[in-house]
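>>> Have a look; sequence and predicted model below, questions after that.
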Amino acid sequence: MVTTWAADGTAVSARTAIGVRGLRKSYKDKVVLAGIDLDVREGTVFALLGPNGAGKTTTVRILSTLIRADGGTAQVAGYDLDRESEAVRTAIGVTGQFSAVDNILTGEENMIMMADLCHLERRAGRRRAAELLSRFDLVEAAKKPVQTYSGGMRRRLDLAMTLVGSPRIIFLDEPTTGLDPRSRHTMWQTIRGLVADGVTIFLTTQYLEEADQLADRIAVLDHGKLVAEGTADELKRLIPGGHVLLTFADPVALDTAAGLVGGQRDDEALTLQVPGDGDVRALRDLLARLDGAAVEVDDLSIHTPDLDDVFFALTGHPTSDKDDAK
């Protein structure tokens with residue numbers, strides 16, 4: 001179980017979908033994972049970010065039973081990764097950055113093939129295939145060879161195939177790589193729908209906006225070590241550069257406020273930029289000081305660094321275009 005805290009201060013417990021302790025992996029003399037810990041709650045999106053070679057794909061391969069770790073322990077869907085690997089495989093689905101569909105077969109034939117692999121009874125398998133083709137808006141293309149599909153259609157079919165066995169946890173390794181913005185947003189809506197149905201998503205992505213939009217929690221991996229973990233807002237508050245922008249109705253109020261709290265003023269715009277990370281207590285203190293001096297704030301906005309700033313500050317790397325195989 002994982003305990004979090006609601007806004008009113010009460011404890012909220014959630015079941016752990018993926019629990020990892022001290023996970024290690026090396027290839028010859030190269031350490032890829034140096035003993036990482038992870039806790040992923042059921043029914044959430046967990047995003048793993050990192051520069052090329054940080055170990056993101058290796059983590060997915062280990063947790064999806066494709067390769068073995070050198071050390072550490074992990075539970076996936078309540079099963080021990082080493083002792084109950086077959087049970088883990090029945091509980092998960094994996095969609096990689098490159099589609100695993102058969103280009104020669106039609107979309108429907110791919111779905112039926114996957115139903116057979118999942119050992120569904122023939123009628124139930126066809127019913128499940130039809131249901132998912134409809135859900136992913138692929139009915140009109142179902143009878144066409146996959147080689148005629150667009151990138152977005154192929155990715156939707158790949159995810160639909162992953163869902164044939166009704167997995168409780170899905171690993172999405174760079175799921176929108178190479179997609180155009182519209183197809184990417186369609187995939188985001190699909191992922192949100194899966195989470196609404198109670199599915200847990202473990203996501204690696206090269207797009208920081210994607211993590212910001214989708215993830216309940218984000219971990220940043222660098223040189224095989226976790227360097228930060230939290231919500232998007234929590235990570236943004238780690239980086240200096242945030243500020244509160246106050247707007248005033250007249251120059252007198254601006255003068256008084258600047259004398260009280262300092263900051264960078266813009267006389268033409270009647271604004272005052274005060275360093276701050278948006279912390280509620282600090283914001284209340286700031287407004288109380290102004291109120292005590294009878295200074296009325298016309299407008300207020302909070303500006304924080306984005307995930308690109310966080311990524312660069314934590315790893316020393318700009319965001320990169322593609323991850324390697326490890």
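Thanks, I have the structure now.

>>> would you list every one of the helices in the stretch 201-326 of the chain?
Taking DSSP state H, counting those that start in this stretch to define them, one finds helices in the stretch 201-326 of the chain at 208-214, 232-236, 251-261, 280-292, 307-315.

>>> can I get those in JSON lines with mean pLDDT?
Written out in JSON lines, the entries for the helices of the stretch 201-326 of the chain read as follows (pLDDT from 0 to 100):
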{"stretch": "helix 208-214", "mean pLDDT": "91"}
{"stretch": "helix 232-236", "mean pLDDT": "88"}
{"stretch": "helix 251-261", "mean pLDDT": "94"}
{"stretch": "helix 280-292", "mean pLDDT": "91"}
{"stretch": "helix 307-315", "mean pLDDT": "83"}
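
>>> got the domain boundaries for the protein?
2-236, 243-303 (automatic domain parsing).

>>> ranges for the helices of the stretch 1-150 of the chain?
All helices of the stretch 1-150 of the chain, identified by DSSP H, counting those that start in this stretch, fall at 56-63, 85-91, 107-117, 122-135.

>>> Tell me which of the ones you listed sits nearest to Asp180.
For the helices of the stretch 1-150 of the chain, the distance to Asp180 is smallest for helix 107-117, at 19.7 Å, taking Cβ to Cβ. (Glycine included, C-beta is placed from N, CA and C.)

>>> quick revisit: which one of the helices of the stretch 1-150 of the chain lies closest to Thr271?
Between Thr271 and the helices of the stretch 1-150 of the chain, the tightest spacing by Cβ to Cβ is seen for helix 56-63, at 40.6 Å.

>>> Could you list the low-confidence segments of the protein?
Within the chain, the segments meeting pLDDT under 70 span 1-14, 97-99, 277, 317-326.

>>> quick one, longest helix in it?
Determined from DSSP state H, the single longest helix within the chain is helix 181-196.

>>> Just the buried positions in it, please.
Within helix 181-196, the residues that qualify as buried are Ser183, Arg184, Thr186, Met187, Trp188, Thr190, Ile191, Leu194, Val195, counting by 16 or more other Cβ atoms under 10 Å.

>>> Stretch 169-178 now?
Ile169, Ile170, Phe171, Leu172, Asp173, Glu174, Pro175, Thr176, Thr177.

>>> swap in stretch 36-54?
Buried residues in stretch 36-54, defined by neighbour count with 16+ other Cβ under 10 Å: 36, 38-51, 53-54.

>>> what's the nearest residue to Pro275 if we skip its chain neighbours?
The shortest distance from Pro275 to any non-neighbouring residue, by Cβ to Cβ, 6 or more residues apart in numbering, is to His243 (5.4 Å).

>>> burial count for that neighbour?
Around His243 there are 19 other residues, counting by other Cβ atoms under 10 Å.

>>> That one bridge partners, please.
Assessed by DSSP bridges, His243 has beta-bridge partners Pro275, His303.

>>> pretty sure it is in contact with Thr271, am I right?
No. Contact criterion Cβ atoms under 8 Å: His243 and Thr271 do not qualify, at 10.6 Å.
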